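Enquirer: prediction below, plus the sequence it came from.
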Amino acid sequence: MIMELSIDYSDIVKVYRMEQTYVMVKPDGVQRGLIGEIISRIERRGLKIISLRMNVIEEATAKEHYSEHETKPFFSSLVKFIISGPSVSMVVAGKDVIKIMRTISGATNPVDATPGTIRGDFSLDIGRNVIHASDSSDAAAREIAIHFKDTEIWKYSKVDEVCIYE
Ligand code: UDP
Ligand code: MG
């Protein structure tokens, strides 16, 4: 017997109006072989990766990315570390994705990060906390524009969206 699922596929259209955020597996995450683990956590939550790249970020780009921390004592070491090796940049889309990616990532300082979060499971030092995720919608828009061209972002629908979203 063939069972038909009674799902209205026109609901997929809603997904186009969902939020986007910028996520980076920092150079320490890449060195420690955590790219797959982090991507896996993002995917299994139901979030959608709509752009993905590995590169060594240019110094000027790193400075722009972290410009809010320009005057902080850790700024130069942070920039130096971010450009020290390849990192993986992503644009992730989904309902409430900005807040959810911050929650999945965990507190900035690993000592405060709850087990079960990426930082709480994989890091110990604040300057080696393996992941970046935008902290607000303004930051997300700004950071996506710093790291990606519009033409590199893929606004596709995924077949499981009818099961993830009501
Ligand atoms: N950072 C650091 N020392 C500090 C505070 C921050 O090395 O005292 C680094 C840390 O890796 C953090 C990044 O700077 O992830 C950006 O800081 P922010 O407060 O924006 O934290 P995040 O948004 O990454 O949680
Ligand atoms: Mg931040």
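Expert: Yep, it's here. Residues are numbered from 1 along each chain as shown. Ligands and ions are numbered 1, 2, ... in the order given.
Enquirer: and the strands in the chain?
Expert: 19-25, 48-55, 87-94, 131-133 (DSSP state E).
Enquirer: which non-adjacent residue is nearest the residue nearest the centre of the chain?
Expert: By Cα atoms, centre = their mean, the chain has its centre lying nearest to residue 23, at 2.2 Å. Nearest in space to residue 23, with sequence neighbours left out and distances taken as Cβ to Cβ, 6 or more residues apart in numbering, is residue 90 at 4.5 Å. Backbone N, C-alpha and C define where each C-beta goes, glycine included.
Enquirer: surely the one you found is in contact with residue 51?
Expert: Yes. With contact defined as Cβ atoms under 8 Å, residue 90 and residue 51 form a contacting pair (6.4 Å).
Enquirer: give me the distance between residue 83 and ligand 1.
Expert: As for residue 83, its distance to ligand 1 is 14 Å (criterion: Cβ to the nearest ligand atom, to the nearest Å).
Enquirer: and if you look at residue 153?
Expert: Going from residue 153 to ligand 1 by Cβ to the nearest ligand atom gives 22 Å.
Enquirer: swap in residue 149?
Expert: From residue 149 to ligand 1 the distance is 24 Å (Cβ to the nearest ligand atom).
Enquirer: for ligand 1, which of the strands of the chain is the nearest?
Expert: Among the strands of the chain, strand 131-133 comes nearest to ligand 1, with 5.3 Å by Cβ to the nearest ligand atom.
Enquirer: gap between that closest one and the chain center?
Expert: Mean-position distance between strand 131-133 and its chain equals 6 Å (Cα atoms, centre = their mean, to the nearest Å).
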